[in-house]
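Undergrad: mind folding the following:
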Amino acid sequence: MQLRPCSNCGKLFYSNTGAVRCSACVTTKFEEIKQLTKFFTYKQDATIQEAKEKLNIDEKNIISYLREEKIELPPLSEDGIECKRCGKIIKTGKYCNPCKAELINGFNAGIRKEEKQEVKAKMRFLDYDNSRFKRKIK
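TA: Residues are numbered from 1 along each chain as shown. Below is the predicted model:
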């Protein structure tokens with residue numbers, strides 16, 4: 001077990017799993033996600049600002065939940081977050097669908113290129129006279 005500070009509130013807690021948040025902050029996070037999910041389900045045209053004001057949840061937390069794809073803005077909402085690659089407005093995640101597809105194709109092309117360039121490792125033997133290692137039979 002390791003004593004470490006919570007990344008959210010700074011309180012010290014014991015962690016044996018590498019957790020970065022104390023149990024109180026983890027519980028709070030799940031409650032906020034549950035509240036936001038319910039709010040966005042019932043109010044189909046809600047914005048991030050409305051959720052912040054009505055539920056008293058920090059805007060930075062709402063945006064991080066959207067980036068982590070824990071929640072999604074309703075389809076009728078005019079609000080959104082920017083794609084990190086092209087700047088297009090999206091409802092959840094870090095990248096829009098076209099950018100995701102381009103990134104996946106780029107990664108797959110890199111993997112295929114590596115597969116083609118397989119290292120042809122072989123065991124090599126030196127040719128030398130083994131006569132000095134043979135036993136002489138009398």
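
Undergrad: hey, let's count contacts and neighbours off CA atoms from now on
TA: OK.

Undergrad: and residue 95, how many neighbours?
TA: 22 (other CA atoms under 10 Å).

Undergrad: and the closest residue to it other than its chain neighbours, what does it touch?
TA: Spatial nearest neighbour of residue 95, excluding adjacent residues (CA to CA, 6 or more residues apart in numbering): residue 83 at 4.6 Å. Taking CA atoms under 8 Å, 6 or more residues apart in numbering, we find residue 83 in contact with 89, 90, 93, 94, 95, 96.

Undergrad: surely the fifth one meets residue 84?
TA: Yes - in terms of CA atoms under 8 Å, residue 95 counts as a neighbour of residue 84; the distance is 5.8 Å.

Undergrad: ok, which stretches of this structure are strands?
TA: Ranges of strands in the chain, per DSSP state E, are 2-5, 12-15, 81-82, 89-90.

Undergrad: can you list those strands in a markdown table and add mean pLDDT and distance to residue 100?
TA: Below are the strands of the chain laid out as a markdown table (pLDDT from 0 to 100; distance: least, CA to CA, whole Å):
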| stretch | mean pLDDT | distance to residue 100 |
| --- | --- | --- |
| strand 2-5 | 90 | 35 |
| strand 12-15 | 90 | 35 |
| strand 81-82 | 94 | 14 |
| strand 89-90 | 94 | 12 |
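
Undergrad: format the ones you listed as TSV; extra columns: distance to residue 36 and mean neighbour count.
TA: Shown next, in TSV, are these (distance: least, CA to CA, whole Å; neighbours: other CA atoms under 10 Å):
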stretch	distance to residue 36	mean neighbour count
strand 2-5	27	14
strand 12-15	27	15
strand 81-82	16	18
strand 89-90	17	17
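
Undergrad: end-to-end on stretch 11-30?
TA: Start and end residues of stretch 11-30 are separated by 18 Å (CA to CA, to the nearest Å).
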